[in-house]
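Colleague: Sequence first, then the predicted structure:
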Amino acid sequence: MSLQSAEWFSRNGIECSRIRAENDAFPRHWHDEYVISANLSGTEEIWLDGKTASVSPGQITLYNPAAVQASRFGKQRVEFVSVHLPQSLLQTLVSQHNLRSSSAAPVLREGVFSNPALFTAICQYAAQAGTADEPCQQQDLLLLCAQLLEDPQQSGHGNGLAIDSVQAYMRENLAVKPQLDTLAQISGLSKYHFVRCFSQQVGMPPLQYHMQLRLHQARDLLRNHVAPLDAALQLGFYDQSHFINAFRKVMGITPHHYALQVRSG
């Protein structure tokens, strides 16, 4: 028997876990929250509503509050991440943004299914919830809820001009760390709809987009013989290690080595 909870933590009342298991099982049980999981590797066998199903890597399991469930794990190691969302959170979003005909806590599609966008949102939130700053956590949570609550066929492209105005603001304010409240106000949308629409139109969330703008500008500065430390300060990176890590994550190289290689070329 081998069942290990590698991580289990709570941030702002939302619990996340990363489970690794083999040759073991969870007996029948239920949770007070919505539980959504992304299967990273291995095959999990679940029991739900009197039926069994297999969960393959890349698939999602979703359980509504109070749904009785069970799991079994074979010899092949299974790893998955889960997010536990309180009923009150989704109920508030549904009520505030008129996402359902009823303001009651929504009943979501249960069981096993494939949804790449939701899979990515689960992994992103679980990965960042314990380490990222508050604006990024808030953004990732809104994106996760948007994937859960809205019709996948809905599009945010009708708010193109609003998103364009936010992008222009970002380009003009590279050294200022943006706040979601400020960006939503500029767009004229609620924070929830702003994050959803921006991500749909641009292809990445707003805070990540702003970081990309800053790093592109950093490359221009480095090409023009600005020292890495000076480039970091000009762009509002008051923590040098933050600048180095962000630059290396996108470029695969530190700012210092990038500058040396580009100039030598």
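Modeller: Structure's in. What do you need?
Colleague: With adjacent residues omitted, what lies nearest to residue 40?
Modeller: residue 79 (4.5 Å; CB to CB, 6 or more residues apart in numbering). To be clear about C-beta, it is placed using only N, CA and C from the backbone, and glycine gets the same treatment.
Colleague: low-scoring stretches of this structure, by residue?
Modeller: Counting by pLDDT under 70, the chain shows low-confidence ranges at 1-6, 129-132, 151-158, 265.
Colleague: Which parts of it are strands?
Modeller: 2-11, 14-22, 24-29, 34-41, 44-48, 51-55, 60-63, 69-73, 78-85, 111-113 (DSSP state E).
Colleague: about what we covered before: tell me who's in contact with the residue nearest to residue 40.
Modeller: Neighbour list for residue 79: 18-21, 39-42 [criterion: CB atoms under 8 Å, 6 or more residues apart in numbering].
Colleague: Please report how far it lies from residue 126.
Modeller: Applying CB to CB, to the nearest Å, the value for residue 79 to residue 126 is 12 Å.
Colleague: shared neighbours, these two?
Modeller: Common neighbours of residue 79 and residue 126, using CB under 8 Å, 6+ apart, are residue 18.
Colleague: So which bits of the top helix by length along the chain are buried?
Modeller: In the chain, taking DSSP state H as the definition, the longest helix is helix 206-223. Across helix 206-223, burial judged by 16 or more other CB atoms under 10 Å covers 206-207, 209-211, 214-215, 217-219, 221-222.
Colleague: Which strands or helices does that helix pack on?
Modeller: With contacts taken as 3 or more CB pairs under 8 Å, 6 or more residues apart in numbering; DSSP states H and E, helix 206-223 sits against helix 134-149, helix 160-172, helix 180-187, helix 191-202, helix 228-234, helix 240-251, helix 255-264.
Colleague: how much does that helix deviate in direction from helix 160-172?
Modeller: Direction vectors for helix 206-223 and helix 160-172, defined by axes from the mean of the first three to the mean of the last three CA atoms, to 10 degrees, enclose an angle of 40 degrees.
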